[in-house]
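Undergrad: Starting from these lines, generate the structure:
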Amino acid sequence: MTAIRPGLPRLPAVHAALLEVLAVRSGNAWLLTGPARVGKRALADVVAALHNCARPGSGPCGVCASCQAAALGAHPDVLVLSPRTVTSTGKAARRKIIPIGAVLRARDRDKDYEVHVYEFLEVRPTYRRRVVIIDGAEYLNAETANALLKLIEEPPHGALFLLLAEDVRSVLPTLVSRSGRLGVPPAPESELERLLIASGQSADPELLAFAAGRAGLIADPEAARAALEGARHLSAALHEGLWQSLEAAAALEKTFSPALHSEALRFVWRREPPAVRAAADLALEALQEALESYANPGLSFQVFALKLRAAFGVGG
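TA: Numbers count the residues shown, from 1 in each chain. Model prediction:
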């Protein structure tokens with residue numbers, strides 16, 4: 001395990017070993033790639049803390065004023081950008097995107113983000129170095145990426161950019177060519193088990209199997225367990241009857257997080273015959289498309305339950 005002090009993200013040893021490379025100050029940008037929820041964001045948070053730490057060692061000291069600010073998630077020298085999740089009207093965004101308004105103040109898009117990158121980098125660092133974390137670099141469109149590229153090539157006050165993406169092939173080549181690349185691998189199950197125990201959580205086998213080496217997934221174990229419970233409840237209700245299926249789908253709607261619950265459902269279905277899994281996947285994809293097109297959520301989940309009953313052969 002890493003020696004990161006309490007208050008900052010705990011890293012599995014396989015990720016803490018990357019800090020020696022990422023601590024080098026000479027680089028302007030790093031592109032960290034790896035599966036969803038593998039732990040890229042936690043690693044980026046620790047790297048940002050390390051570059052601003054008053055007494056850095058193998059990791060941030062965890063006790064200086066900068067590290068204390070980082071532990072509270074309110075560091076003045078760190079800006080995190082991620083795809084917008086809602087539109088200007090308050091609806092869920094149909095597709096993930098980091099718009100130009102995230103990088104510079106656009107005339108008719110002033111409200112996309114409270115602080116844009118240009119504005120953030122105009123100010124000298126409070127501690128040692130301004131750090132911009134792009135959590136979802138694959139969602140930068142060409143206009144946004146080109147604006148960001150100018151800053152990466154000549155970063156004001158020696159700022160550091162940490163770009164996170166699931167696949168290097170999904171990031172615009174111009175950004176890839178200007179960044180150092182580092183893969184963030186899944187962690188051994190034994191390390192995730194130790195992380196859970198260190199945080200006061202039980203290391204149950206189902207959660208570890210669901211995580212499949214992804215430290216980011218167990219960063220919020222209660223959310224992961226809740227998603228698994230919702231998936232199990234719906235799957236069991238399909239075989240109990242139509243009314244029970246509709247009730248379970250309505251309950252799932254109230255807490256549904258598309259990425260996490262979709263993974264949980266597929267995990268629960270993993271032992272079903274291939275034909276059943278394929279039909280259930282189609283039903284899940286249809287639900288996600290309906291939600292992205294702003295269809296009535298309640299009706300969409302009812303249709304989802306009916307399609308699942310057909311997929312599992314219990315819809316007669």
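
Undergrad: ranges for the helices of the stretch 101-250 of the chain?
TA: Per DSSP state H, counting those that start in this stretch, the stretch 101-250 of the chain carries helices over the ranges 117-121, 142-153, 173-177, 189-198, 205-211, 221-238, 242-255.

Undergrad: now the angle from the last one to helix 221-238?
TA: An angle of 160 degrees separates the directions of helix 242-255 and helix 221-238 when computed by axes from the mean of the first three to the mean of the last three C-alpha atoms, to 10 degrees.

Undergrad: After helix 242-255, which helix or strand is next?
TA: The helix or strand immediately downstream of helix 242-255 is helix 258-268, counting by DSSP states H and E.

Undergrad: and for that following helix, what are the contacting residues?
TA: 36, 209-210, 223-224, 227-228, 230-232, 234-235, 252, 255, 277, 280-281, 284, 288, 291 (C-beta atoms under 8 Å, 6 or more residues apart in numbering). C-betas here are computed from N, CA, C, even on glycine.

Undergrad: In a markdown table, list the helices of the stretch 101-250 of the chain along with mean pLDDT and mean neighbour count.
TA: Shown next, in a markdown table, are those (pLDDT from 0 to 100; neighbours: other C-beta atoms under 10 Å):
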| stretch | mean pLDDT | mean neighbour count |
| --- | --- | --- |
| helix 117-121 | 92 | 18 |
| helix 142-153 | 90 | 17 |
| helix 173-177 | 91 | 15 |
| helix 189-198 | 92 | 17 |
| helix 205-211 | 95 | 17 |
| helix 221-238 | 95 | 19 |
| helix 242-255 | 95 | 17 |
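
Undergrad: which stretch among these comes nearest P9?
TA: The closest of the helices of the stretch 101-250 of the chain to P9 is helix 189-198. By C-beta to C-beta, the value is 9.9 Å.

Undergrad: by how many degrees do that closest one and helix 221-238 diverge?
TA: Interaxial angle, helix 189-198 versus helix 221-238 (the same axes, to 10 degrees): 110 degrees.

Undergrad: Which other helices and strands does helix 189-198 contact?
TA: Applying 3 or more C-beta pairs under 8 Å, 6 or more residues apart in numbering; DSSP states H and E, one finds that helix 189-198 contacts helix 205-211.

Undergrad: Let's see that with 10 Å instead.
TA: helix 13-16, helix 205-211 (3 or more C-beta pairs under 10 Å, 6 or more residues apart in numbering; DSSP states H and E).

Undergrad: how about the ones you listed, which one is nearest L121?
TA: With distances scored as C-beta to C-beta, the stretch of the helices and strands packed on helix 189-198 nearest to L121 is helix 13-16 (27.1 Å).

Undergrad: P125: which of the helices and strands packed on helix 189-198 is closest?
TA: Of all the helices and strands packed on helix 189-198, it is helix 13-16 that lies closest to P125, at 24.5 Å by C-beta to C-beta.

Undergrad: Tell me which stretches of this protein form strands.
TA: Assigned by DSSP state E, the strands in the chain fall at 29-33, 78-81, 131-135, 160-165, 180-183.

Undergrad: by how many degrees do the first one and strand 131-135 diverge?
TA: Spelled out, it's strand 29-33. Using the same axes, to 10 degrees, the direction of strand 29-33 lies 30 degrees away from that of strand 131-135.

Undergrad: what residue lies at the spatial centre of this structure?
TA: The centroid of the chain falls nearest to R37 when counting by C-alpha atoms, centre = their mean (5.5 Å).

Undergrad: Apart from its chain neighbours, what residue comes closest to that residue?
TA: When the adjacent residues along the chain are set aside, R37 lies closest to G216, with 3.6 Å between them (C-beta to C-beta, 6 or more residues apart in numbering).

Undergrad: any idea how the chain splits into domains?
TA: Here the domain assignment for the chain is 13-185, 222-311, based on automatic domain parsing.

Undergrad: Check the ones you listed for me: which has the lowest mean pLDDT.
TA: Looking at these, the lowest mean pLDDT belongs to domain 13-185 (a mean of 87).

Undergrad: Pull the distance from that domain to the chain's centre.
TA: 13 Å (C-alpha atoms, centre = their mean, to the nearest Å).

Undergrad: show me what contacts A165?
TA: The contact partners of A165, taken as C-beta atoms under 10 Å, 6 or more residues apart in numbering, are 31-34, 40, 134-140, 171, 175-176.

Undergrad: just P186 next, same as before
TA: Remark: with contacts taken as C-beta under 10 Å, 6+ apart, P186 is in contact with 12, 14-15, 34-35, 37-39, 192, 211-215.

Undergrad: got JSON lines for the residues you listed, with distance to L306 too?
TA: Shown next, in JSON lines, are these (distance: C-beta to C-beta, whole Å):
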{"residue": "P12", "distance to L306": "42"}
{"residue": "V14", "distance to L306": "44"}
{"residue": "H15", "distance to L306": "43"}
{"residue": "G34", "distance to L306": "37"}
{"residue": "P35", "distance to L306": "32"}
{"residue": "R37", "distance to L306": "30"}
{"residue": "V38", "distance to L306": "35"}
{"residue": "G39", "distance to L306": "38"}
{"residue": "L192", "distance to L306": "37"}
{"residue": "A211", "distance to L306": "31"}
{"residue": "A212", "distance to L306": "30"}
{"residue": "G213", "distance to L306": "35"}
{"residue": "R214", "distance to L306": "32"}
{"residue": "A215", "distance to L306": "37"}
